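>>> What would the 3D arrangement of this be:
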Amino acid sequence: MVESEQHRKSNKREGPLKKYRLASELSDMVQHCQSVRFQDFQTATQRGKCYELISFSESTALRLANSCPEVFVNYNKRFLSRVYPNGMRVDSSNFNPQDLWNCGCQLVALNYQTCGLMMDLNDGRFMQNGSSGYVLKPAVMREEIAFFSASTRDIIPGVSPQILHVKIISGQQLPKPKASGAKGNTVDPYVIVEIFGIPADCVEERTKTVQHSANPIFDESFEFQINLPELALVRFAVLDDDYIGDEFIGQYTIPFECMLPGYRHVRLRSNTGETIPDCTLFVHLAITNKKGGGKTTRRVSLLRRKKNQGDYPSMKLLGIKVVDDIFKTVSQSLRDAMDLSDKVQLALMSLKETCGLAPISNIKQTMRALLTRIQNSSENTSMSMILKDDYPAIVVHGCLPDILKKALLSFETFVDECRNLIGKSDGVCDKLISARSGAMESHEELQSLASQQGMKGKKLNRTVENFAWNVRVLKGQADLMRQAKVRCLEDMKQIRDTASFMGIIRKSDGDINRAPSTGSITPASSPLPDSPPGDGRSPLASILIPVHHMTELAEEDDGGITRYDSDQS
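Residues are numbered from 1 along each chain as shown. You can find the predicted model right below:
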């Protein structure tokens with residue numbers, strides 16, 4: 001019996017086992033992720049290893065994203081998760097990957113063989129970073145102590161909303177849809193501009209239809225508020241209004257952070273992602289309130305904030321006195337930070353208004369308009385610019401009309417507000433960061449402090465969330481304050497450069513070519529997440545990775561990479 005079993009086993013092998021010697025140096029370069037089964041987030045967080053990977057089906061991931069979005073985001077800060085399409089998708093269709101990117105899922109697998117909107121979003125997302133396939137997640141989704149919900153419809157603390165101005169001017173050489181059954185060779189095109197991102201950002205606008213034209217003139221403008229710019233995608237889609245069978249003409253999807261302002265030709269792509277020859281949209285793009293404070297750039301809302309205390313970033317109560325007292329000490333500093341930024345914005349808006357320019361104009365355009373109007377006001381008027389304590393001042397000899405006097409007063413107010421912000425920003429930032437450091441010292445004891453107050457269950461979870469919210473508000477507001485200082489310094493430099501170009505700078509007591517001193521400016525955020533060694537966090541947890549659902553590694557396509565340059569958007 002034993003011999004027969006041995007004979008049977010030997011027959012299964014065609015020959016002796018072959019052993020191969022591998023270079024240890026080569027083997028050390030290969031890293032593997034171990035797949036583990038998901039039980040619940042609490043177990044996965046406590047027992048998880050940085051090299052472990054949990055795979056979620058599409059339906060499971062979406063259920064978790066809807067039921068506990070905050071927990072899902074926090075889990076993805078430390079560990080890897082992969083999402084794949086449901087097996088019921090026998091037609092190889094795709095789900096919307098944006099819903100899972102909003103939760104911080106690193107690997108969202110799609111059926112690459114199926115073209116359409118979802119693949120357009122995937123191609124657009126990974127157009128960043130030189131189309132290398134790796135995109136850093138937003139800071140609010142990487143920081144260990146930060147509150148962020150994928151389902152939020154509110155403004156995110158510490159993240160400045162952006163206003164995107166899009167003007168669809170015209171289209172060029174628009175082809176007829178390939179699968180259209182309509183007679184004739186003409187099209188009735190219209191354009192849809194879509195924003196994909198967190199729920200608060202998702203919106204779309206449509207132009208009018210232009211009848212029977214392959215080179216239509218649209219001349220329509222739209223505005224979009226983007227609350228989380230780092231996750232937002234902008235999609236331009238051109239469709240045929242008079243179609244039979246197929247209405248798709250072309251599209252282009254681009255990350256919001258990759259858009260450059262100005263006049264741009266958008267090179268449309270086909271349904272398969274290939275560039276359509278000579279087919280473009282001519283658009284004008286502008287982004288206002290760039291990395292500044294406040295909800296919007298409208299003057300009325302800025303004035304209203306002074307009367308409405310609820311518009312200031314507020315600290316949430318935890319119910320733990322020793323921690324609440326720390327956060328209460330910086331309430332005034334938070335108001336000061338917002339007031340300093342708002343006053344600069346209000347002064348800049350007033351300057352643009354008195355110069356007769358639109359709010360989307362930049363500081364160079366504003367100064368050129370102001371200085372040119374002063375020079376051309378009268379033959380007996382002379383003008384020069386000097387630097388007083390490193391800040392520009394316009395000196396005019398002669399009479400000026402009242403409107404130009406008002407413009408000069410607006411300019412002086414803007415410079416004064418910039419000087420005020422630059423001088424006070426470091427002190428405000430120090431107070432905010434000091435309070436954050438003091439609060440973080442009690443973070444390890446937060447659970448025990450809450451237990452002493454009788455908190456448990458949902459009340460305890462709410463206390464932890466409020467703590468993370470407050471910490472994020474302090475850090476975010478300090479970052480915005482630093483960014484506002486850098487922006488003011490850059491504005492002063494732009495004013496000086498404009499005056500130098502126009503030849504009106506004259507020397508005063510100091511060296512006029514010296515820019516305002518920047519002092520010590522700390523970057524708003526590190527380009528890579530700060531993760532102390534040995535904290536159990538996966539080194540890949542802070543990035544998004546494109547994944548082909550049908551294969552382990554997506555094939556390289558060097559010819560399909562389209563880089564963002566000055567003549568395309």
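>>> Spit out the contact partners of the nearest residue in space to Q375 that is not next to it in sequence.
Once flanking residues are discounted, Q375 sits nearest to M383: 6.2 Å by C-beta to C-beta, 6 or more residues apart in numbering. In short, each C-beta sits where N, CA and C put it, glycine included. M383 is in contact with L371, I374, Q375, I394, V395, V396, H397, I504, counting by C-beta atoms under 8 Å, 6 or more residues apart in numbering.
>>> Can you pick out the most distant pair from those?
Greatest spatial distance in the contacts of M383: L371 and H397, 14.5 Å, computed using C-beta to C-beta.
>>> if we can go back for a sec, just the buried ones out of the contacts of M383, please.
For the contacts of M383, a burial check counting by 16 or more other C-beta atoms under 10 Å picks out L371, I374, I394, I504.
>>> Make sure the second one is actually in contact with T381.
Just to be clear, that refers to I374. Yes - under the criterion of C-beta atoms under 8 Å, I374 makes contact with T381 at 6.9 Å.
>>> shared neighbours of those two, which are they?
Joint contacts of I374 and T381 (C-beta under 8 Å, 6+ apart) are V396, L400.
>>> what ranges do the helices span in the stretch 101-250 of the chain?
Using DSSP state H, counting those that start in this stretch, the helices of the stretch 101-250 of the chain run over 117-125, 128-131.
>>> helices or strands up against the last one?
Here helix 128-131 touches strand 135-136, going by 3 or more C-beta pairs under 8 Å, 6 or more residues apart in numbering; DSSP states H and E.
>>> quick one: strands adjacent to the strand it packs on?
Partner strands and pairing direction for strand 135-136 (DSSP bridges) are strand 543-548 (antiparallel).
>>> who touches A237 in this structure?
Contacts of A237 were listed using C-beta under 8 Å, 6+ apart, and they are V191, I192, E194, F248, G250, Q251.
>>> Give the ChimeraX command for selecting the buried subset of those residues.
To isolate the buried members of the contacts of A237 in ChimeraX, using 16+ other C-beta under 10 Å:
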select :191,194,248,250,251
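>>> closest to F148 among the contacts of A237?
In terms of C-beta to C-beta, no member of the contacts of A237 lies closer to F148 than E194, at 23.1 Å.
>>> For the closest one, list the residues it contacts.
Per C-beta under 8 Å, 6+ apart, neighbours of E194: V203, E204, V234, R235, A237.
>>> If we use 7 Å, what do you get?
Shown in contact with E194 (C-beta atoms under 7 Å, 6 or more residues apart in numbering): E204, R235, A237.
>>> Could you check how far K178 is from S270?
As judged by C-beta to C-beta, to the nearest Å, K178 and S270 stand 8 Å apart.
>>> Can you spell out which helices and strands pack onto the longest strand seen in the chain?
Ranked by number of residues, the top strand in the chain under DSSP state E is strand 275-288. When contacts are defined as 3 or more C-beta pairs under 7 Å, 6 or more residues apart in numbering; DSSP states H and E, strand 275-288 packs onto strand 162-172, strand 262-269.
>>> If we use 8 Å, what do you get?
Judged by 3+ C-beta pairs under 8 Å, 6+ apart, strand 275-288 is in contact with strand 162-172, strand 233-240, strand 248-255, strand 262-269.
>>> If you count neighbours, what's buried in stretch 409-427?
Across stretch 409-427, burial judged by 16+ other C-beta under 10 Å covers 410-411, 413-415, 417-422, 425-426.
>>> could I get it in CSV with only the CA atoms?
Output of stretch 409-427 as CSV, limited to C-alpha atoms (Å, rounded to 0.1, in the frame of the first residue of the first chain):
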residue,chain,number,x,y,z
LEU,A,409,-6.4,106.2,-2.2
SER,A,410,-7.5,102.6,-2.9
PHE,A,411,-3.9,101.7,-3.9
GLU,A,412,-2.6,103.2,-0.7
THR,A,413,-5.2,101.3,1.4
PHE,A,414,-4.2,98.0,-0.4
VAL,A,415,-0.5,98.6,0.4
ASP,A,416,-1.3,99.4,4.0
GLU,A,417,-3.4,96.3,4.5
CYS,A,418,-0.7,94.2,2.9
ARG,A,419,1.9,95.8,5.3
ASN,A,420,-0.4,95.1,8.2
LEU,A,421,-0.9,91.4,7.3
ILE,A,422,2.8,90.8,6.6
GLY,A,423,3.7,92.4,10.0
LYS,A,424,1.2,90.5,12.1
SER,A,425,1.0,87.1,10.3
ASP,A,426,3.9,85.5,12.1
GLY,A,427,2.5,86.4,15.5
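>>> before we move on, the earlier item: just send the buried residues of stretch 409-427 back as CSV, with distance to A435 too.
Listed next are the buried residues of stretch 409-427 as CSV, based on distance: C-beta to C-beta, whole Å:
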residue, distance to A435
S410, 35
F411, 36
T413, 31
F414, 30
V415, 31
E417, 25
C418, 26
R419, 26
N420, 22
L421, 20
I422, 22
S425, 16
D426, 15
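>>> Could you tell me which of those residues are located in helices?
Counted as lying in helices by DSSP state H, out of the buried residues of stretch 409-427, are 410-411, 413-415, 417-422, 425-426.
>>> between the residues you listed, which is closest to Y134?
S425 (33.6 Å).
>>> Now do the SS call for C399.
Using DSSP: H, G, I helix; E, B strand; the rest coil, the structure places C399 in coil.
>>> Is it in contact with S378, as I believe?
Yes - C399 is within contact range of S378, at 6.6 Å (criterion: C-beta under 8 Å).
>>> Can you list the low-confidence ranges for this structure?
1-17, 28-31, 179-184, 245, 290-313, 507-536, 539, 548-569 (pLDDT under 70).
>>> just to revisit the earlier point, for the helices of the stretch 101-250 of the chain, which one sits closest to L432?
Among these, helix 128-131 comes nearest to L432, with 30.1 Å by C-beta to C-beta.
>>> Just the buried residues of that closest one, please?
Buried, per 16+ other C-beta under 10 Å, within helix 128-131: Q128, S131.
>>> what's the answer for stretch 70-90, then?
Applying 16+ other C-beta under 10 Å to stretch 70-90 flags 70-85 as buried.
>>> Could you do stretch 121-137 as well?
L121, N122, D123, G124, R125, F126, M127, Q128, S131, V135, L136, K137.
>>> Format the residues you listed as JSON lines; extra columns: distance to S331.
Shown next, in JSON lines, are the buried residues of stretch 121-137 (distance: C-beta to C-beta, whole Å):
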{"residue": "L121", "distance to S331": "41"}
{"residue": "N122", "distance to S331": "44"}
{"residue": "D123", "distance to S331": "46"}
{"residue": "G124", "distance to S331": "41"}
{"residue": "R125", "distance to S331": "39"}
{"residue": "F126", "distance to S331": "42"}
{"residue": "M127", "distance to S331": "42"}
{"residue": "Q128", "distance to S331": "38"}
{"residue": "S131", "distance to S331": "45"}
{"residue": "V135", "distance to S331": "36"}
{"residue": "L136", "distance to S331": "33"}
{"residue": "K137", "distance to S331": "31"}
